[in-house]
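# based on what follows, work out the 3D shape:
(chains A and B)
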Amino acid sequence: MIERPESTVASIAQRNLEGYVGFANLPNQVYRKSVKRGFEFTLMVVGESGLGKSTLINSLFLTDLYSKDYPGPSLRIKKTVQVEQSKVLVKEGGVQLTLTIVDTPGFGDAVDNSNCWQPVINFIDSKCEDFLNAESRVNRRLMPDNRVHCCLYFIAPSGHGLKPLDIEFMKRLHDKVNVIPLIAKADTLTPEECQLFKKQIMKEIQEHKIRIYEFPDTEDDEDSKLIRKIKERMPLAVVGSNVVIEVNGKKVRGRQYPWGVAEVENGEHCDFTVLRNMLIRTHMQDLKDVTNNVHYENYRSKKLAAVTCNGGVDTNLNHQRKYHTSDMSPLAQMEEERREHVMKMKKMETEMEQVFEMKVKEKKQKLKDSEAELERRHEQMKKNLEVQYKELEEKRRHHEEEKSNWEAQQRILEQQKLDASKTMEKNKKKGKIF
Amino acid sequence: MSESIVPPEVRPKPAVPAKPPHVAAPSPTAPHGPSGLGGGVGVDRVPGLGHSGGGSTLLGYIGIDTIIEQMRKKTMKAGFDFNIMIVGHSGLGKSTLVNTLFKSQVSRWSSGWGSEHKIPKTVEIKAVSHVIEEGGVKMKLTVIDTPGFGDQINNENCWDPISKYINEQYEKFLKEEVNIARKKRIPDTRVHCCLYFISPTGHSLRQLDIEFMKHLSRVVNIIPVIAKSDTMTLDEKNEFKHRVRKELETHGIEYYPQNEFDDDMEDKNENDKIRETMPFAVVGSDKEFQVNGKRVLGRKTAWGVVEVENPNHCEFALLRDFLIRSHLQDLKEVTHNIHYETYRARRLNDNGDV
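Have a look, this model is predicted:
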């Protein structure tokens, strides 16, 4: 795992300048260039529906990203977890910010929520992958940075502790993206309950070894005091509101209850201002840096290790890919591809041979079978014929017998006739003589 | 021989909690108790002689209406049973609400159950009984808690243990009933009422809520409540309630008081009014705070105190009145006459013998 880069101590000799050279102007040059280029930031919000995610986004950026005409994804009922992006270009003081909000409607809303984090993980990985590919291209001048820089995870204000779903999700995502847990709808909790709840959550986070986004330590005293204060208030308990109410003559964003008004921007009511300052005013660049240097590098090294090991377990490749990607040099890549192709060919060849053999065997078997069949039939027919022959013989014999009988009878009859005629003749002769 | 008409003594009106003026047929809690009179005998009080009430003319005061007093005395001695089940995923304030409802520590946290709030891996059924007394009336209250409901990642069929428990109680009762030598008063462990806690998302019912209520509305009286309603402003609350009611209707879920069991027009009107305001949006609390010189139960936030019993703040008072002050007996009746009978008919048909 790559740790945060430590600041390297310069071992170069320091020289004093004798006059004004002018490279103190460097930051301004960088500033001007960046302002011209504009900034990008991708923010992901995850949480069950009804926790006020859309309202918070609207409050954070003081615009209606989700308005009445384009209702936030949470107002539409979803059966499966979707991942939806919406891009917005906001301008302030000459600085342009392309803000991408990624929402995950349907998260944790079904009866069975196993693997509801999978679409989220896939999304984050696909963005890292896009960036990886863009980096490895030959022409990489226009490289958009669509990686997810920060993930705000909304915890329901139960007052007890984290739910199993929360723990599972954060465990799976803490090494892919900066996770900032927030307590949603914090106006449900009284200050004491809020303190207890926060302590309980932090305890559980440490127990399960979840690495949430940590603020970098600075050398500046002032800043480090602020940072320590922020750290004490983690996880931040936020309240969002789209509505502006008048309180004591002032117009504030807040929620109107019969017993009072909960002001969004009041530091004593909730930690919203802390979140906004931290997210936008002070640590946006740091979030991007950590994403680039830590999370993205982790992803990249895992991918590379998987490819070079040629079989290393990469837990993110859950689905099939049609084309391979790696970021070795193009030649090595081609070589790799060729080798793969050859291997594939060989495999196919052996497979085909096997198939062929099998088919041949089958055919032989079939022929044998039909031969045996024919033999049998032949036998059968022979038998039939013999039987018939015998029958016919019988008949013939019978017939012969009858014939001989009949002939014998005939002869006897003839004999009798002859005898009869003879005696008649005799009688006649006797008669005549007389 | 003179007829000894004993003039009725002036008796203080029995301290029955607020009830509609007409007293319906007093149905005893022990269904196999000594009531020889089935059906209702509503007798108009005869101030003097000869009065055309419903039925025959009474020539004097007989004292039939003292039956109410007699029943009252008997039931006070015997005491009531009431079993309430609370269902909802953890962190919705179920235990706090039950404590607030009965103004005492009756939930499972209070009986010395470990204070670890670990979420159990499967749905467990934990029943805790307490005897509470008020105005001479003793009630054995059993709170049946279901920790672990809806807390897992995969909540398929997490209502099965609950359904099994309810049917087991019916089975126990049936067995006792069918005994040759049966007890005078069968202990009633059947679940009279199930409070289902809806999470105040502000959008709509969750899939799990709908599934649970669909499966169990035919077996037990379900009263849906919106938990932790101090999350929502008034507008959000009304919208949410409206949406929840519509969804329940779409899915054909009959929650208590059920439409089909209304006896007469008066009941129907009363229940209709209640049905319009259900599900009740409640807030529970067992801490007291000072507001305008009064001590009230509530929750103190940085921007105000949420008063639990203030009808402008939440509907807890409505729920309490509905559950305890007007419909407690009706809940038990519906459980006995309808749900239990359905179970019994099914069992006897299936087996032929028990």
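
# could you list the residues of the stretch 101-250 of chain B in contact with chain A?
The stretch 101-250 of chain B comes close to chain A at residues B:117, B:119, B:151-156, B:199-204, B:206-208, B:211, B:228, B:230-231, B:233-234, as judged by C-beta under 8 Å from any C-beta of the partner chain. C-beta: built from backbone N, CA, C; applies to glycine.

# the residues you listed in helices, which ones?
B:207-208, B:211, B:234 (DSSP state H).

# any of those buried? List them.
Neighbour-count burial (16 or more other C-beta atoms under 10 Å in any protein chain shown) is assigned, among those, to B:208, B:211.

# now the phi/psi pair for B:Q290, please.
When read as degrees, to the nearest 10, the backbone of B:Q290 gives phi -90, psi 120.

# whoops, I mixed them up, A:T98
phi -90, psi 110.

# show me what contacts it?
A:38-41, A:87-89 (C-beta atoms under 8 Å, 6 or more residues apart in numbering or on different chains).

# point to the helix or strand of chain A where mean pLDDT is at its lowest.
helix A:221-232 (a mean of 77; mean pLDDT, DSSP states H and E).

# the helix or strand that that one is followed by close to chain B?
Next along the chain after helix A:221-232, taking DSSP states H and E as the criterion, comes strand A:236-237. No - Strand A:236-237 does not reach chain B (C-beta under 8 Å from any C-beta); its nearest approach is 11.6 Å.

# tell me the strands beside strand A:236-237, with direction?
In the sheet, strand A:236-237 lines up against strand A:179-183 (parallel) (DSSP bridges).

# ok, residues contacting the partner strand?
Contacts of strand A:179-183 (C-beta under 8 Å, 6+ apart): A:56, A:150-155, A:157, A:166, A:170, A:173, A:189, A:194, A:197-198, A:201, A:205, A:210-213, A:234-238, A:275, A:279.

# of those residues, grab the buried ones for PyMOL.
Buried subset of the contacts of strand A:179-183, written as a PyMOL selection, criterion 16+ other C-beta under 10 Å:
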select buried, chain A and resi 56+150+151+152+153+154+155+157+166+170+173+189+194+197+198+201+205+210+212+213+234+235+236+237+238+275+279
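
# now the contacts of A:T98: which count as buried?
Buried among the contacts of A:T98 (16+ other C-beta under 10 Å): A:40-41.

# tell me which of the contacts of A:T98 fall in strands.
Mapping the contacts of A:T98 onto strands (DSSP state E) picks out A:39-41, A:87-89.

# how about the residues of the stretch 251-400 of chain A by chain B?
Proximity of the stretch 251-400 of chain A to chain B, by C-beta under 8 Å from any C-beta, involves residues A:255-263, A:266, A:268-269.

# check these and tell me the two furthest apart.
Based on C-beta to C-beta, the longest span within these runs between A:P258 and A:E268 and measures 20.2 Å.

# who has more neighbours, these two?
Neighbours per residue, other C-beta atoms under 10 Å in any protein chain shown: of A:P258 and A:E268, the larger number sits with A:P258, 14 against 8.

# could you find the closest non-adjacent residue to whichever residue of the stretch 251-354 of chain B sits closest to chain A?
Per C-beta to the nearest C-beta, B:G304 is where the stretch 251-354 of chain B lies closest to chain A, at 2.8 Å. Closest residue to B:G304 in three dimensions, ignoring its sequence neighbours and counting by C-beta to C-beta, 6 or more residues apart in numbering or on different chains: A:G260, at 2.8 Å.

# got phi/psi on the one you found?
The phi/psi pair for A:G260 (degrees, to the nearest 10) reads phi 150, psi 180.

# right, and it touches B:R299 too?
No - contact criterion C-beta atoms under 8 Å: A:G260 and B:R299 do not qualify, at 11.5 Å.

# looking at the two, which one has more neighbours?
Counting neighbours by other C-beta under 10 Å for A:G260 and for B:R299 shows that B:R299 has the greater number, 24 against 18.

# which stretch of helix or strand covers A:I101?
strand A:95-103.

# residues from the stretch 251-354 of chain B in reach of chain A?
B:299-307, B:310, B:312-313.

# from the residues you listed, keep the buried residues only.
Buried residues within these, counting neighbours by 16+ other C-beta under 10 Å: B:299-301, B:303-307, B:310, B:313.

# follow-up on the earlier one: kindly state the beta-bridge partners for the residue of the stretch 251-354 of chain B closest to chain A.
Beta-bridge partners, per DSSP bridges, of B:G304: B:T301.

# ok, B:E266 to B:D272 distance?
B:E266 sits at a distance of 11 Å from B:D272 (criterion: C-beta to C-beta, to the nearest Å).

# and for the residue in the stretch 201-350 of chain B positioned nearest to chain A, the neighbour number?
In the stretch 201-350 of chain B, the residue that lies nearest chain A is B:T201 (2.3 Å; C-beta to the nearest C-beta). Neighbourhood size, B:T201 [other C-beta under 10 Å]: 21.

# what sits against it?
A:48-51, B:240.

# let's see 6 Å
By C-beta atoms under 6 Å, 6 or more residues apart in numbering or on different chains, the contact set of B:T201 is A:G50.

# now do the phi/psi pair for A:C116.
Dihedral angles for A:C116 - degrees, to the nearest 10 - are phi -70, psi -10.

# relative to chain B, how far out is it?
Using C-beta to the nearest C-beta, to the nearest Å, A:C116 is found at 8 Å from chain B.

# pLDDT (mean, whole number) over the longest helix seen in chain B?
Determined from DSSP H, the single longest helix within chain B is helix B:160-178. Helix B:160-178 comes out with an average pLDDT of 90.

# leaving out sequence neighbours, find the closest residue to whatever residue of the stretch 51-200 of chain B ends up closest to chain A.
Here the stretch 51-200 of chain B gets closest to chain A at one residue, B:G91, 2.0 Å apart by C-beta to the nearest C-beta. Spatially, and ignoring its direct neighbours in sequence, B:G91 is nearest to A:S158 (2.0 Å; C-beta to C-beta, 6+ apart).

# what about the one you found, neighbour count?
22.

# that one contacts B:G93, doesn't it?
No - the criterion here is C-beta atoms under 6 Å, and A:S158 misses it with B:G93 at 8.9 Å.

# low-confidence stretches in the chain?
No chain specified, so I'll use chain A. Applying pLDDT under 70 to chain A picks out residues A:1-10, A:64-80, A:217-219, A:309-328, A:432-434.

# let me rephrase: I mean chain B.
Scanning chain B residue by residue, the ranges that satisfy pLDDT under 70 are B:1-56, B:58, B:105-121, B:352-354.

# quick one, helices of it?
B:66-78, B:94-101, B:160-178, B:207-216, B:234-250, B:265-277, B:316-320, B:328-334, B:341-351.

# for A:F131, which of these is the nearest?
So among these, helix B:207-216 is nearest, using C-beta to C-beta, at 36.0 Å.
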